[in-house]
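Visitor: got a structure for you, letters missing:
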């Protein structure tokens, strides 16, 4: 079977996606699969690379940054720029194949590319259109979590038009509902891009304006003293939860560079939490996953206070898969190695696709 490994993309998380793709391409079970890299450039071009049949054929993540070939011959070569052929997304329609998208952020994790795969009728790894779109949008997901009865820190949504037309109204909402410090985030971006902490109004102004560079809607959250605890989710209707892990903080929060370029994040796995907290983590994670109609994989992030209050932060439907990312490390510590995790995700994708096709066949009768 062929795996179309789709990575890169137009979002600010382009480089993270390449690192994730490199990690996966090294761990695929090549006795059963071959991998065809599909690189999406920062400008949105789709470039097909040479088929990979052994893990050692790609020795450097830079080899996955495909350039467009002038000829019909192309190859992956770690000693020079790797070349590929420009294609259309619809070219991924193929029998006996599955798509493994590892696109983070907008135009990849937000339901847009998932909708494309649905239209061409291909099985694909990860969440569907609805779960991807809702999980990516911090405001919509918070509203769904509220409906599901999940505890959250107080927050205020802010629209760009509202900010430009009436800043005083925004100040009134934020300072009337929350107290400093506050955390300001773009509504539709991940990996700490565009996120800031505000200790006063001047910093709040700077933080909102920074976040609005990335999205037309932002969320202002109440800052609290808390540990950051995460669990990994795997499954479709049969949901499995990993042991919990903790981001051990030496600073208030880690930005994009600290997390992915400098690898400064320290992981404590399993996280040292009481058994009743662990039970709540598992329960809340399942409820959040179901509220979004999740499938395949997700990482559920929580805040845990010193008196064991637990608040859901977000659900990431396509978490990082690099060698030092939390999601695969959580499963490794739960007893599922990287290669088996990749295989399970492929099988979940195929089962979900078969189920969708069975519904479609029933409707066609």
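Guide: Thanks, I have it. Please read all numbers here as calculations on a predicted model, not as lab measurements.

Visitor: And the strands in the stretch 251-365 of the chain?
Guide: Under the criterion DSSP state E, counting those that start in this stretch, strands of the stretch 251-365 of the chain are mapped to 266-268, 296-304, 310-316.

Visitor: and the shortest one, which residues are buried?
Guide: What it means is strand 266-268. residue 267 (16 or more other C-beta atoms under 10 Å). Every C-beta, even on glycine, is put in place using the N, C-alpha and C of the backbone.

Visitor: Parallel or antiparallel, list what pairs with that strand.
Guide: strand 245-248 (antiparallel) (DSSP bridges).

Visitor: Kindly report the same for the longest one.
Guide: Take DSSP bridges as the rule and strand 296-304 pairs in its sheet with strand 227-235 (antiparallel), strand 310-316 (antiparallel).

Visitor: Adding mean neighbour count, mean pLDDT and distance to residue 125 as columns, could you present those in JSON lines?
Guide: Formatted as JSON lines, the strands paired with strand 296-304 follow (neighbours: other C-beta atoms under 10 Å; pLDDT from 0 to 100; distance: least, C-beta to C-beta, whole Å):
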{"stretch": "strand 227-235", "mean neighbour count": "22", "mean pLDDT": "97", "distance to residue 125": "11"}
{"stretch": "strand 310-316", "mean neighbour count": "22", "mean pLDDT": "96", "distance to residue 125": "15"}
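
Visitor: and residue 331, which of these is closest to it?
Guide: strand 227-235 (5.6 Å; C-beta to C-beta).

Visitor: Output the below-cut-off pLDDT ranges for the chain.
Guide: 70-81, 190-192, 250-264, 361-365 (pLDDT under 70).

Visitor: So for it, which residue is the most central one in space?
Guide: Nearest to the mean C-alpha position of the chain, counting by C-alpha atoms, centre = their mean, stands residue 318 at 2.8 Å.

Visitor: Now do the contacts for it.
Guide: Residue 318 makes contacts with 101-104, 108-109, 126-127, 132, 297, as judged by C-beta atoms under 8 Å, 6 or more residues apart in numbering.

Visitor: hmm, back to that, for the strands paired with strand 296-304, which one sits closest to residue 243?
Guide: Proximity to residue 243 (C-beta to C-beta) singles out strand 227-235 among the strands paired with strand 296-304, at 7.6 Å.

Visitor: Next secondary structure after the helix or strand hosting residue 131?
Guide: In this assignment (DSSP states H and E), residue 131 forms part of helix 129-136. Later in the chain than helix 129-136, the nearest helix or strand by DSSP H and E is helix 138-147.

Visitor: tell me what that next one is packed against?
Guide: Contacts defined by 3 or more C-beta pairs under 8 Å, 6 or more residues apart in numbering; DSSP states H and E place helix 138-147 against helix 129-136, strand 217-222, helix 275-291, strand 310-316.

Visitor: ok, the shortest one: who's next to it in the sheet?
Guide: Applying DSSP bridges to the sheet, strand 217-222 is found paired with strand 155-159 (antiparallel), strand 182-186 (antiparallel).

Visitor: so how far is the last one from its chain's centroid?
Guide: To tie it back to what came earlier, the one meant is strand 182-186. Taking C-alpha atoms, centre = their mean, to the nearest Å, one finds strand 182-186 lying 18 Å from the centre of the chain it belongs to.

Visitor: Check the first one too.
Guide: Distance of strand 155-159 from the chain centroid (C-alpha atoms, centre = their mean) equals 22 Å.
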